[in-house]
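Trainee: Fold the following.
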Amino acid sequence: MPRSLQEILDHADDLARRFEDYEPDPDDERDPEPHRALAAAVAARSRVEQDIAEAVQRARAAGYTWADIGALLGTTGQAASQRYGRRVAA
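Mentor: Below you'll find the model as predicted:
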């Protein structure tokens, strides 16, 4: 079942908040670097998803079809339209 862009962005923001709020147990002896790397990757994914949404809006405003956009995204025009067709507030 396809998720909406807003659901994806909300989920990414929620995950980023969880990582930012995480306080490790002082007795936890695991290397913290993988956690930092994962937190950075989640935040980056959120930023990139927003960049894609904005680029799609610009492409549509410039006259690109959903088929053109879908091909660039590696999906169908219909799937691209369903995911990015509604403007999402930042």
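Trainee: CA atoms for contacts and neighbours, from now on please.
Mentor: Fine.
Trainee: now the longest helix along the chain, how far from the chain's geometric center?
Mentor: For the chain, the longest helix by residue count, based on DSSP state H, is helix 33-61. Remark: helix 33-61 is offset 5 Å from the chain centroid, using CA atoms, centre = their mean, to the nearest Å.
Trainee: how much does the host helix or strand of residue 80 deviate in direction from helix 33-61?
Mentor: Here residue 80 sits within helix 77-84, counting by DSSP states H and E. Between helix 77-84 and helix 33-61, the angle comes out at 110 degrees (axes from the mean of the first three to the mean of the last three CA atoms, to 10 degrees).
Trainee: How about residues contacting helix 77-84?
Mentor: Residues outside helix 77-84 that contact it (CA atoms under 8 Å, 6 or more residues apart in numbering): 2-5, 53, 56-57, 65-71, 73.
Trainee: out of those, which are buried?
Mentor: Restricting the contacts of helix 77-84 to buried positions leaves 5, 53, 56, 57, 66, 67, 68, 69, 70, with burial counted as 16 or more other CA atoms under 10 Å.
Trainee: Please give me every residue in contact with the fifth one.
Mentor: What it means is residue 66. Contacts for residue 66 (CA under 8 Å, 6+ apart) come out as 60, 76, 77, 78, 80, 81.
Trainee: Among the contacts of helix 77-84, which lie within strands?
Mentor: Of the contacts of helix 77-84, none are assigned to strands by DSSP state E.
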